[in-house]
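**Student:** task: produce atomic coordinates for the following.
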Amino acid sequence: MLGLPVMLKLDGRRCVVIGGGGVALRRARALLESGAAVTIIAPGVEPELAALPVAKVLRPYQPGDLAGAFLVVIATDDPVTNEAAAREARALQALVNRADEPEAGDLTIPAHGRRGPITVAVHTSGISARAAAEIRDHCLQAIDPDWPRLLAAVAPFRTRIQEAVADPAQRRDRLLRLTDAQAMQALKSGGDAALKSHCATLLEPAGRPTGPRQGPDDLNPS
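**Tutor:** So this is what the prediction gives:
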């Protein structure tokens with residue numbers, strides 16, 4: 001069943017991964033990238049997993065291990081352990097991701113990758129993890145390398161506009177213009193300095209002209 005694509009806010013939240021193999025490694029990395037506080041519970045863990053900045057409980061899962069967990073990843077090859085952990089997680093109203101039975105969990109973790117602040121995630125409704133990974137790679141390769149560069153450069157201006165422009169309509173318009181065709185053209189033709197100059201005009205007091213607005217069709221993708 002196709003679910004609603006969402007991005008969970010995991011900063012500082014306790015997330016528990018039960019298992020110490022390859023799936024646990026991939027899940028732990030994804031959670032760490034999202035800012036989660038990760039605990040691994042397994043009698044043994046792969047060297048790469050052991051090297052991650054996570055808390056480790058080096059023994060099999062026991063009831064009570066999931067207290068305070070926001071999200072539980074179940075990634076062992078023991079059905080009894082998986083079922084017991086899932087029951088405890090449900091009782092605690094924690095979200096569950098199951099590697100053995102994805103449809104029995106609350107969420108799945110799609111094939112994903114990053115280019116700077118851009119995240120690309122691909123889900124094939126459980127049909128093919130390999131296809132999802134290949135589509136993800138294709139999408140990442142197709143991203144104009146100036147997009148991550150532009151987004152990283154305008155991020156501080158976004159915060160300043162939100163703080164400085166009180167009128168909602170003007171604030172929305174100026175935020176949109178941070179990443180419009182004119183902003184991209186400024187970066188491509190004049191580099192970071194030209195882009196920052198463009199962004200600076202959007203901080204001018206209300207009522208002063210901030211330059212012409214261009215639509216997305218004005219940018220030649222070549």
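
**Student:** which parts of this protein belong to which domain?
**Tutor:** Domains of the chain are assigned by automatic domain parsing as 1-109, 110-143, 146-218.

**Student:** just send these back as TSV, with mean neighbour count and mean pLDDT too.
**Tutor:** Just so you know, the C-beta spots here come from the backbone N, C-alpha and C atoms, and that holds for glycine as well. Shown next, in TSV, are these (neighbours: other Cβ atoms under 10 Å; pLDDT from 0 to 100):
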stretch	mean neighbour count	mean pLDDT
domain 1-109	17	92
domain 110-143	14	89
domain 146-218	15	87
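
**Student:** could you measure from the closest residue to Ala164 other than its chain neighbours over to Phe157?
**Tutor:** Counting by Cβ to Cβ, 6 or more residues apart in numbering, Ala164 lies nearest to Leu203, which is 6.1 Å off, once chain neighbours are set aside. Plainly put, Leu203 is 7 Å away from Phe157 if you go by Cβ to Cβ, to the nearest Å.

**Student:** thinking again about what came up before, isn't the residue nearest to Ala164 right up against Ile161?
**Tutor:** Yes - at 6.5 Å, Leu203 counts as touching Ile161 under the criterion of Cβ atoms under 8 Å.

**Student:** quickly list what the nearest residue to Ala55 once chain neighbours are set aside is bridged to.
**Tutor:** Sequence neighbours aside, Thr39 is the residue nearest to Ala55 in space, at 4.3 Å (criterion: Cβ to Cβ, 6+ apart). Beta-bridge partners of Thr39, counted by DSSP bridges, are Val16, Ala55.

**Student:** now the phi/psi pair for the closest residue to Thr76 other than its chain neighbours, please.
**Tutor:** Nearest residue to Thr76, sequence neighbours excluded (Cβ to Cβ, 6+ apart): Gly19, at 4.4 Å. When read as degrees, to the nearest 10, the backbone of Gly19 gives phi 130, psi 160.

**Student:** Gly19 and Ala129, how far apart?
**Tutor:** 17 Å.

**Student:** kindly report the same for Trp147.
**Tutor:** Taking Cβ to Cβ, one finds Trp147 at 27 Å from Ala129.

**Student:** same thing with Leu52?
**Tutor:** 22 Å.

**Student:** and what of Arg14?
**Tutor:** 27 Å.

**Student:** check Asn97 too.
**Tutor:** Asn97 is 14 Å from Ala129, by Cβ to Cβ.
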